[in-house]
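Enquirer: take this sequence and fold it.
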Amino acid sequence: MILEIKDLHVSLEDKEIINGLSLKMEQGETHVIMGPNGSGKSTLAKTILGHPHVKVTKGDILVDGKSILDMTTDERAKLGLFLQFQNPVEVEGVGFINFLHTAKENLRGNTVSAKDFMKDIRANVSELKMGDDFIGRSLNMGFSGGEKKKAEVLQMAVLKPKIAILDEPDSGLDIDAIKVVSASVNKIAQAEKLGLLIITHYSRILSFIKPDFIHVMVNGRIVAEGGKELVDQLEKEGYDKYLK
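Expert: Numbers count the residues shown, from 1 in each chain. Sure, this is the predicted structure:
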């Protein structure tokens, strides 16, 4: 799969948030978008998956050369796109496991054996060091910030997308949880040849997930690109030079 963003302009509540952004990535690559608060990173993630509140005013988003702008969110998911939310919503009365089982069946378009599904769930729950009580709970209800992030990674492991957008996967996690989540993400990426687009403010998660490409996003556009050396530069100098 190839995801390509061409000269994208996006408005939210009549305010332009993304202003001429272009980016291209392939399945199996790890791209990282870094930038200060308010630069449009989360809006970009929502736009790729077709959030109804964002409006594309110019440009295009393509998967394998075909525009997806007219597709619904579930149609984009069936292509193999996945979004790990920065702040996952809580849904009372909807069992987390039932939700995930239904999502997997919808993506595959056929029945998924409950026995095989639960075997997969338990293996990943163990990998992520999540308690067994996790399985019987409602979707994100009463989850800590760290549990919500682990639940999102569990969904990614079970649904097996081709390209996953991770919106601040390290926020709210202590260093031990970051190591656990990163190890699971690395394992999934290697096993499934998963493409990763990681959105973050800080470089700490990049100590555990090695990026192929770094993109600096400021004021709705990419202003610098490079490799790991760009992360080291940002650690020393911050975003001031790009803001000016």
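Enquirer: ends of stretch 132-145, what's the gap?
Expert: With C-alpha to C-alpha, to the nearest Å applied, stretch 132-145 spans 18 Å between its terminal residues.
Enquirer: confirm residue 191 sits in a strand?
Expert: No: using DSSP: H, G, I helix; E, B strand; the rest coil, the assignment for residue 191 is helix, not a strand.
Enquirer: and for it, the neighbour number?
Expert: Residues within reach of residue 191, counting by other C-beta atoms under 10 Å, total 10. Every residue, glycine included, has its C-beta placed from N, CA and C.
Enquirer: next one, pLDDT for it please.
Expert: pLDDT for residue 191: 87.
Enquirer: the protein: helices as residue ranges?
Expert: Using DSSP state H, the helices assigned to the chain run over residues 41-48, 73-79, 96-108, 114-127, 145-159, 175-192, 228-237, 240-243.
Enquirer: can you tell which of these is closest to residue 30?
Expert: Distance to residue 30, taken as C-beta to C-beta, is lowest for helix 175-192 among those, at 7.1 Å.
Enquirer: so which bits of the closest one are buried?
Expert: For helix 175-192, burial by neighbour count (16 or more other C-beta atoms under 10 Å) applies to 177-178, 180-182, 184-186, 188-189, 192.
Enquirer: can you list the helices of the chain in a markdown table and add distance to residue 133?
Expert: Converted to a markdown table, the helices of the chain look like this (distance: least, C-beta to C-beta, whole Å):
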| stretch | distance to residue 133 |
| --- | --- |
| helix 41-48 | 30 |
| helix 73-79 | 28 |
| helix 96-108 | 11 |
| helix 114-127 | 10 |
| helix 145-159 | 11 |
| helix 175-192 | 17 |
| helix 228-237 | 38 |
| helix 240-243 | 45 |
